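In: quick one, fold the following:
(chains A and B)
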Amino acid sequence: MSEADALLVDATTRIFQDLCDPQTVNAATDAAWKAPLWQALEESGLTLAWVPEEQGGAGASLADGFAIAGVSGRFAVPLPLGETLLAGWLLGVAGLDSPTGAMTVAPSRPRDRLTLTSEGTLQGRALGIPFAGSVETIVALASQDGANHVVHIAAKDCVIQSAPGLSGDGRDAVTFDGVVPLAIAPLPDGLGENCLSLMGAAVRAAQIGGALQEILTMASEYAQERVAFEKPIAKFQAVQHNLARLAGETAAAVAAASSAADTIHTIQGLGDAAFFEVAAAKIRAGEAAGEGAAIAHQVYGAIGFTEEHILHRFTQRLWAWRDDFGNESEWAVQLGEFVADGGADELWPLLASR
Amino acid sequence: MSQAIQFDPIRLPPEAEELRIEVRAFLAEELANGGFDPRSTILTSAFDKEFSKRVGAKGWIGMTWPKKYGGQERSFLERYVVTEEFRVANAPTAAHFTADRQSGPVLLKYAPEHIKQEVLPAITRGECTFCIGMSEPNSGSDLFAASTRATPTEGGYLINGTKLWTSNAHQSDFMIGLFRTSPPTKENRRHGLTQFLVRLKQPGITINPVRNMAHKHEFNEVVFEDLFIPEDHILGEVDGAWKQATSELAYERSGPERFLETYYVLTELVRVLGDKPDPRAAEGIGRLVAQVHTLRRMSVSVNGMLQAGKEPVLEGSIVKDVGTIWEQTLPDKARSLSAFVDAEPSNRATFDEVLQYATTIAPKLTIQGGTTEVLRGIIARGLGLR
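Out: Okay, the predicted model is just below:
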């Protein structure tokens, strides 16, 4: 991590420590904590980190945005920060200005497609859109005669069927039929239809890595405090080995996610190298999310299964993030087909090139 | 645990990638002129002294060591590239790899000058094979239970006892042996062991083969009967070998050989599944590729930390733990994914041959370099649990 990245991570961490402490949020009886948190994030430029300065954003690097996403995972942030980052990025690459306020992106599932009619209206329905019911703006990819466009949509213009999803943050069904976008711009050359799922998957992998880092720390501390059979459960080899496995899964998620983020940042494009790294990161981080959440719950026992305890804030988001922007199976089929198409003897050169 | 687990996305530097081109050219030439046969490296033996000499002539053994001892003073990341390319090509490196990876570095750190000058350049020329004298009949994972005795005598020590599971002892010139010079103390059960350089080709040493379940002779029993070792063959501190072991472990555990030993199964799996796999097969390949890519990125990251002078003991142990489990489960996953491949034997003969071999050797992958249980204990200590 560069020094500038480290400063940004520290600043982001401080905001979450002050305004998004998982314990406080979990115990809150109303949503009063949301407004000051969002305001602090906006004022420090984090929400529009990926929007160029001339379009009203912070103009931060791609690496910085992924670092912010990682920190948001460590606090299980229940606001659409990652989604707003992605929306701002998409508007920015298309040369459109970003509004203030919370945003989300569509589609977030690999098989959902939106189209733009010759009359300039949208057609299509997208499922599992994170936070769609609680944002002002939806930024979407829509195709017209084979060309891809970025469209800026007022969420209130869409028909939104709310569903809480695994995390309770909202994974909503959005019907776009007949909606007239507020702004339309073609996706620039060099970016394809898969650009949103690549960026989205890389953000989710970073968040998964962050959340796993946190539950590893939490569960390791808890195991040293919790006494059973007359000693801290950390002294039992079976518990130690479970936590060691959690460390391995955490390490894998963090390594894969940071490698994918580094690739997108360094290459500044979303071609084959980014596809390979992001696919691998979403697959491996998704696997780690499932394994890791299960181990953390095993360590905590019944207390971790209560609403009162904060563990679910992390584990339910880990489960939800696995599914956003392509789950492990969907990415693995794509990656497997890519590898098979290259042939057995090209696999090692491909791995070694990363 | 003081800080969150980090694996920075280290990339191999340009000089390492240039070296990769040279290494691939060398391997292609070797294959073209029959210098080695990958199939027989996998199935029969990875030990080939002549091949090791040709590798030595390229300057790729002991390549991180000082030039005055025959090294090239190149980086760990350059060595990494050589190791992974040789491993994936199934090149026969057994005659030099142990010396290159761990025995040479121990000598560099602890041997007296005249031994360094004698032995290290010979290793770099590929002329000198080492084995590791740690395990005994009653001391495997529990290294500090070693009981082979080194008793002081005029000018040196007399060695009596037995080492076991010593890979390639029958083809080695030297062993770095761990022998008991004092009993353990009440306060420290690790006290009392000393490392020695042992010249194997002399009386007082009997080497008996122990064939493994893949019908290969790699393991040996090495029996010492009043073997004399001169005092100047002590490596490091008398009674204090336990202090010398830990920092080497990260090197031993985080290398690409720790997850690429059965990599050929993946290559052959992709080959038998063909260029248009069904979704089940494609998903299986995709997951395996994502996993091995992640392991490699973790391993490169740890080697970057080593190059930067850090001691990533926790991270190195994690790579070995996750890597071993991957290697060990790979044959069974490949077996399942290939279940519907046309049963015409000729279509999958090569795949089946290496799959059977990898299935047979999978149990040993956890033993070398520390068992999964030992590694998880080390990781747990790193997490502050013990």
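In: for the residue nearest to A:Leu246 when sequence neighbours are not counted, which three-state class applies?
Out: The spatial neighbour of A:Leu246 that comes closest, neighbours along the chain excluded (CB to CB, 6 or more residues apart in numbering or on different chains), is A:Ile295 at 4.4 Å. Every residue, glycine included, has its C-beta placed from N, CA and C. Counting by DSSP: H, G, I helix; E, B strand; the rest coil, the backbone at A:Ile295 sits in helix.
In: so what's A:Ile295 up against?
Out: With contacts defined as CB atoms under 8 Å, 6 or more residues apart in numbering or on different chains, A:Ile295 is in contact with A:219, A:242-243, A:245-246, A:249.
In: give me that answer again for 7 Å
Out: A:242, A:245-246 (CB atoms under 7 Å, 6 or more residues apart in numbering or on different chains).
In: what does stretch A:159-166 rub up against?
Out: With contacts defined as CB under 7 Å, 6+ apart, stretch A:159-166 is touched by A:132-133, A:170-175, A:316, A:319-320.
In: centre of the chain to the helix or strand encompassing B:Glu283, how far?
Out: Assignment of secondary structure by DSSP states H and E places B:Glu283 within helix B:279-307. Helix B:279-307 sits 19 Å away from the centroid of its parent chain (CA atoms, centre = their mean, to the nearest Å).
In: helices or strands next to the helix or strand that it is followed by in the packing?
Out: Sequence-wise, the next helix or strand downstream of helix B:279-307 (DSSP H and E) is helix B:313-337. When contacts are defined as 3 or more CB pairs under 7 Å, 6 or more residues apart in numbering or on different chains; DSSP states H and E, helix B:313-337 packs onto helix A:237-267, helix B:241-253, helix B:263-273, helix B:279-307, helix B:345-361, helix B:372-382.
In: which of the ones you listed sits closest to B:Arg79?
Out: Of all the helices and strands packed on helix B:313-337, it is helix B:279-307 that lies closest to B:Arg79, at 8.4 Å by CB to CB.
In: what angle sits between that closest one and helix B:263-273?
Out: Orientation check (axes from the mean of the first three to the mean of the last three CA atoms, to 10 degrees): helix B:279-307 against helix B:263-273 gives 150 degrees.
In: what is helix B:279-307 packed up against?
Out: Counting by 3+ CB pairs under 7 Å, 6+ apart, helix B:279-307 packs on helix A:237-267, helix A:272-300, helix A:328-342, helix A:344-352, helix B:76-88, helix B:241-253, helix B:263-273, helix B:313-337.
In: now these as JSON lines including mean pLDDT and distance to B:Arg280?
Out: Output for the helices and strands packed on helix B:279-307, formatted as JSON lines (pLDDT from 0 to 100; distance: least, CB to CB, whole Å):
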{"stretch": "helix A:237-267", "mean pLDDT": "97", "distance to B:Arg280": "23"}
{"stretch": "helix A:272-300", "mean pLDDT": "98", "distance to B:Arg280": "15"}
{"stretch": "helix A:328-342", "mean pLDDT": "98", "distance to B:Arg280": "9"}
{"stretch": "helix A:344-352", "mean pLDDT": "98", "distance to B:Arg280": "18"}
{"stretch": "helix B:76-88", "mean pLDDT": "97", "distance to B:Arg280": "26"}
{"stretch": "helix B:241-253", "mean pLDDT": "74", "distance to B:Arg280": "34"}
{"stretch": "helix B:263-273", "mean pLDDT": "97", "distance to B:Arg280": "10"}
{"stretch": "helix B:313-337", "mean pLDDT": "95", "distance to B:Arg280": "7"}
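In: now the buried members of the contacts of stretch A:159-166.
Out: Neighbour counting with 16 or more other CB atoms under 10 Å in any protein chain shown marks A:132-133, A:170-174, A:316, A:319-320 as buried within the contacts of stretch A:159-166.
In: how about those in a markdown table, adding pLDDT, secondary structure and distance to chain B?
Out: Compiled in a markdown table, the buried ones among the contacts of stretch A:159-166 are given as follows (pLDDT from 0 to 100; DSSP: H, G, I helix; E, B strand; the rest coil; distance: CB to the nearest CB, whole Å):
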| residue | pLDDT | secondary structure | distance to chain B |
| --- | --- | --- | --- |
| A:Ala132 | 98 | helix | 29 |
| A:Gly133 | 96 | helix | 32 |
| A:Gly170 | 97 | coil | 28 |
| A:Arg171 | 97 | strand | 23 |
| A:Asp172 | 98 | strand | 28 |
| A:Ala173 | 98 | strand | 25 |
| A:Val174 | 98 | strand | 28 |
| A:Gln316 | 98 | helix | 21 |
| A:Trp319 | 98 | helix | 18 |
| A:Ala320 | 98 | helix | 20 |
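In: what is the burial count for residue 330?
Out: Here I'm looking at chain A. Residue neighbour count, defined by other CB atoms under 10 Å in any protein chain shown, stands at 23 for A:Glu330.
In: ah, no, chain B please
Out: Summarising burial for B:Leu330: neighbours were counted as other CB under 10 Å, giving 26.
In: tell me how the chain divides into domains.
Out: You didn't pick a chain, so chain A it is. The record's domain parsing of chain A by automatic domain parsing lists A:3-186, A:195-352.
In: my question was about chain B
Out: Following automatic domain parsing, chain B resolves into domains at B:14-128, B:132-240, B:254-382.
In: of all these, which lies closest to A:His309?
Out: The minimum distance between A:His309 and the domains of chain B falls on domain B:254-382, with 23.2 Å, by CB to CB.
In: figure out the length between the terminal residues of that closest one.
Out: 16 Å (CA to CA, to the nearest Å).
In: stretch A:317-328 now?
Out: Terminal residues of stretch A:317-328 lie 15 Å apart, using CA to CA.
In: residues in contact with that stretch: which ones?
Out: Applying CB under 7 Å, 6+ apart, the set of residues contacting stretch A:317-328 from outside is A:76, A:108, A:110, A:128, A:130, A:165-167, A:171, A:197, A:200-201, A:204, A:207-208, A:211, A:282-283, A:286-287, A:289-290, A:292-293.
In: can you turn the buried part of these into a ChimeraX selection?
Out: Buried members of the contacts of stretch A:317-328 can be picked out in ChimeraX with the line below, counting by 16+ other CB under 10 Å:
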select /A:76,108,110,128,130,165,166,167,171,197,200,201,204,207,208,211,282,283,286,287,289,292,293
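In: doesn't B:Gly177 lie inside a strand?
Out: Yes: under the criterion used here (three-state DSSP), B:Gly177 sits inside a strand.
In: can you pull the contacts of the spatially closest residue to it that is not a sequence neighbour?
Out: Nearest non-adjacent residue to B:Gly177, counting by CB to CB, 6+ apart: B:Gly133, 3.5 Å away. For B:Gly133, the set of contacting residues under the criterion of CB under 7 Å, 6+ apart consists of B:163, B:166, B:175-178, B:198, B:222.
In: now do A:His152
Out: Counting by CB under 7 Å, 6+ apart, A:His152 touches A:91, A:96, A:137, A:139, A:181-183.
In: for A:Asp145, see how far away it is.
Out: Here the criterion is CB to CB, to the nearest Å. By it, A:His152 lies 20 Å from A:Asp145.
In: how about the helices and strands packed on helix B:313-337 in TSV, adding mean neighbour count and distance to A:Ala228?
Out: Below are the helices and strands packed on helix B:313-337 laid out as TSV (neighbours: other CB atoms under 10 Å in any protein chain shown; distance: least, CB to CB, whole Å):
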stretch	mean neighbour count	distance to A:Ala228
helix A:237-267	25	9
helix B:241-253	18	32
helix B:263-273	23	42
helix B:279-307	24	33
helix B:345-361	16	40
helix B:372-382	21	17
